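S.K.: Model the structure of this input:
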Amino acid sequence: MPDDDLATGDLMAADVGHGDQRHPAADPALAAARALVEGLVRVGWTLAVAESLTGGLVAAQIVAVPGASAVFRGGVVSYASEVKRDVLGVSGDLLALRGAVDPDVAVQMAQGVRRLLKADVGVAVTGVAGPAEQEGHPVGQVFVGISVGEEPAARSHELQLFGSRDQIRRIACE
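M.R.: Reported below is the predicted structural model:
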C-alpha cells in the first residue's frame, strides 16, 4: 500500500467487474490474500487465523480467493478475552497481567489457532480499532502474531495504524 494511503487512512477500494468480484489491483487486501494463498499452495502449507479487532475480515479476504480451500483450514474470531483463553489457549495470567492488546498475546493466539485447527501456519491479529483507547493502548496499536511449525518459530509484529475504526480494521487485515 502506498505511504500516502497510510497517512490519510483512505482505503476505499473501487469495485471493478460485476457482482462482488473485485480486481486485486483495486483491493490491496485481496491482492495480499491472493499472494498468500498462492505462496502457501507453492510450499504445500496450510493456514489458520485467529482474529480479534478484525472480526473475521482476514478470513473473509482469504476465502475470497479462488482455490483458498486448498490451504485455508479456518479461523476463530476471539473478540472476548475469555475466548482467547478458553478456545485458543492464551495464558489467563498473561491476559490478566497485560490485557488482550499485547505482542505475546498475539503470538499465543497464533500458536493456539495453529494447534487447534491443525495448520502449518497460524496468524493472529489483536489490537485497538477505536473509537477510544483500550487498556492504556492507543487507537491504532495492532499486534500481528505468526506461528510456523514448532513453538520457537513464533513472533509478533507491532503496527501503529491511523484512520477511522473501519479503516484501522481494514488496514490491519491487509
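
S.K.: now Val123: how far from Gly75?
M.R.: The gap separating Val123 from Gly75 is 9 Å, by CB to CB, to the nearest Å. Heads up, the C-betas are built off the backbone N, CA and C, glycines and all.

S.K.: where do the contact lists of those two overlap?
M.R.: By CB atoms under 8 Å, 6 or more residues apart in numbering, Val123 and Gly75 have these common neighbours: Ala48, Val49, Ala50, Val58, Val113.

S.K.: between the residues you listed, which has the most around it?
M.R.: With neighbours taken as other CB atoms under 10 Å, the top of the shared contacts of Val123 and Gly75 is Ala50, carrying 33 neighbours.

S.K.: ok, the shared contacts of Val123 and Gly75 vs Val65, which is closest?
M.R.: Distance from Val65 was checked for each of the shared contacts of Val123 and Gly75 by CB to CB. The minimum falls on Val58, at 12.0 Å.

S.K.: what about Asp102, neighbour count?
M.R.: The burial count for Asp102: 23, using other CB under 10 Å.

S.K.: Leu94 is in contact with that one, correct?
M.R.: Yes. When contacts are counted by CB atoms under 8 Å, Asp102 is listed as touching Leu94 (7.1 Å).
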